[in-house]
Every structure is written in structure tokens, then in C-alpha cells.
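S.K.: Just a sequence and a predicted model for now, questions to come.
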Amino acid sequence: MARYDGLFDSLGLREWCDGGSGQDGPMSMADLLARTRGGADTGGGSWWDLPMPSLNNLHEACGAIPQTRDLTLGLERAFLSARDTLRIVLDPATQPLSWMLREMLWLMTSLPWFIMLPILFLLTWLVSRSWRVVLLVVLSLGFLTFVDHYTAAMQTLAIIFVCAFICVLFGVPLGIAMSRSDRLQRIVIPILDMLQTLPAFVYLIPLIFLFSVTEPKLYGIAIILYAIVPIVRLTDLGIRLVDRDVIEAADAFGMTGRQKLFGVQIPLALPNIMAGVNQTIMMSLAMVVIASLVSAPGLGVLVLRGIRNLELGVGLIAGLGIVLLAIVLDRVTKASLARIDTSKSHN
């Protein structure tokens, strides 16, 4: 630290540094040793050994500079001091999410399997109109039922249905608004970049301090924040890629902005929007496994059990179940997208 001692001395900041480090009190062992050496290191030593100018290293030369732990502790205290205010605002706003998750979990786990499974098969047929996709769903859910993972699979699907629905509910309007305003796009894009690059586990850290672990909205918000990015981006992109000649033709016919949006832009951007829905569902499924760390039910709990208890078979079977659900959801959404493309080509 001798090089930095000389730096602060040359800048005339030694008095400020000594006041910040409390030199009037008892000296530390390092200070005593430095005094014993007569300050020989203050100007000597090799520049090759110069330490990085980090907070901790600078603090050793100047006690008035805070350490890294002071920075992290200050951030934690600031968050905790604002926690009560945030709860007053966020608790009522996010309570419907807890209700939706609880009701969907209850519905999909309370209905008998011989009622729930045919409903899912029928929904698959209505969305995809493909017997091959329906057969894939039958085989996949049949396997999960056979290995006694039916309840966990239904819990996982319930969470995905609710979170993906909310992502679409908020993501599509936000993407439309971004496509109509370059200024809004410049504001939102950095936020989406942050949400997309932030490690999945980091989403859980502030939420644990804000909400009770028993509240479903804790993992619901984490899943939504993680999975909403693709639907917003692809909605914005899809509408911006609509041919300008088509827009000019709509203007020539005297269409209003609302008529152009719902009659021209959204139908033409629907393949991109559906691709965003597909990616949102896949990311929701990926986050469900991580959210099992904060009481999210489903197959992720079994994966976590396999890791904690070193139960290889339990973890592998649950992981295979998640893969099957991912394949099923991917094929269903892609079949729906193919139907949209086919209907457009016929028109």
C-alpha cells in the first residue's frame, strides 16, 4: 500500500485520511510494523507489485475511504429501510397474482385425472389441430402419470399457465407501445437487457426480503420478470417489421390508428408474437425449477430433492419430466404458429 500512501500524501489528503481512519486511537499491528520499518516502503518497492486500486486496498492507505463491505452494507440498509414502503405499494398490487396461482394450483390438482387429462388433450387439439401433437401430449402426460409425477406435473403446468398468461397480458401491450414510440423503446430496451442478462438466482434475492416465502407471488413475480422479455421484444420487432407499403395502403383507405393496429399490424405481426409466446413459456418453465428454492411446487421440488439428498433417480426422472413438458409446450405453440402461417398463406 506504500504507493497509495505516497499518492495521498502528495495530494495533501493525509490529514483527511488520518481523520477518517481514527489515527488518534490505538494503532493497529500493521501500523506499528510500518513505523518500526521507518516507512521504508513509502517510496520504495517495485511498481510491478502495485496492488489494484480497489476500495479495500485504498482503505489501507487512507482510512477515510470506505471498504467494500461498507458499500454492500450500505446498500442492504438502504433496501431494508425502504422495504416497508415498498411492501405498502407492492403487496396490494401483487395480491391478485397470489390468488390466481392458488386457484389454478387448486383447480389442476383437485380435478380427477380422468377429467383433467381429457381437458388438456382437448385444449391441445383446439390449439394445434394436429393429432400428432395430441398423441405426443398423451404419451408425455401418460408417462408422468405412470411414474407418479402427475400431481407435480400439474402444479408445474398451473404455474406456467398463470405466469405465461400474465406475461402476454402485460408484455404484448408494452411491445405495441414500444413499436409506436422510439423514445419509450430507448427507455425500455436497457431494462429488458438487464432482465435478460441478470442471473436467475438474483431475481429471488430482493423478493425474499419483500414477500413471505409462503406467498405464491414470491416465485410468481420472479418467473414473470425472467420470462416477459421475449414477448415484449418480439412484439415490438414484429410490428416494426410490418411492410411500410401495407401501412401506406391502410392510410390511403383512411384507417385510423386503432384500425391499422388491430386490422393490419397485429395480424401481420402475429407470427412474431407467437414466437415470443413460445419463448416466454420456455423461460417460465426454466425459472420454475429455480423458483422451487423459494417454495414453488412442482417438478422442480423433486429436482431439488435429488440434489440435496443425492437421490440420483429422483432427480433424473423429475428432470426428464421437465424435458417432456418443455417438448410438449414447444410443439403445441409451434403447431399453433404453423396454423397461423397457413391461414395467412390461404388468405
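M.R.: Cool, the structure landed. Numbers count the residues shown, from 1 in each chain.
S.K.: and the most centrally placed residue in the chain, how far is that from Thr280?
M.R.: Geometric centre of the chain, nearest residue: Tyr226, 2.1 Å, by Cα atoms, centre = their mean. Distance of Tyr226 to Thr280, given as Cβ to Cβ, to the nearest Å: 10 Å. C-beta: built from backbone N, CA, C; applies to glycine.
S.K.: next one: Leu293
M.R.: 21 Å.
S.K.: The two: which has the busier surroundings?
M.R.: Each of Leu293 and Thr280 has its neighbours counted (other Cβ atoms under 10 Å); Thr280 has more, 28 against 16.
S.K.: what helix or strand is the more buried one on?
M.R.: Thr280 belongs to helix 266-291 when elements are defined using DSSP states H and E.
S.K.: what's that helix packed up against?
M.R.: When contacts are defined as 3 or more Cβ pairs under 8 Å, 6 or more residues apart in numbering; DSSP states H and E, helix 266-291 packs onto helix 150-180, helix 216-240, helix 299-308, helix 312-346.
S.K.: Just the buried positions in that helix, please.
M.R.: Buried residues in helix 266-291, counted by 16 or more other Cβ atoms under 10 Å: 266-291.
S.K.: And stretch 97-113, by the same measure?
M.R.: In stretch 97-113, residues buried by neighbour count (16+ other Cβ under 10 Å) are Leu97, Ser98, Met100, Leu101, Met104, Leu105, Met108.
S.K.: Model confidence for the last one, exactly?
M.R.: So that's Met108. Met108 is assigned 94 on the pLDDT scale.
S.K.: Helix 216-240 and the helix or strand where it lies, what's the angle between them?
M.R.: Using DSSP H and E, Met108 sits in helix 68-110. Angle of helix 68-110 versus helix 216-240, following axes from the mean of the first three to the mean of the last three Cα atoms, to 10 degrees, is 90 degrees.
S.K.: other SSEs contacting helix 68-110?
M.R.: helix 55-61, helix 150-180, helix 204-210, helix 216-240.
S.K.: Which of those helices has the highest mean neighbour count?
M.R.: Most buried of the helices and strands packed on helix 68-110 by mean neighbour count (mean count of other Cβ atoms under 10 Å) is helix 216-240; its value is a mean of 24.
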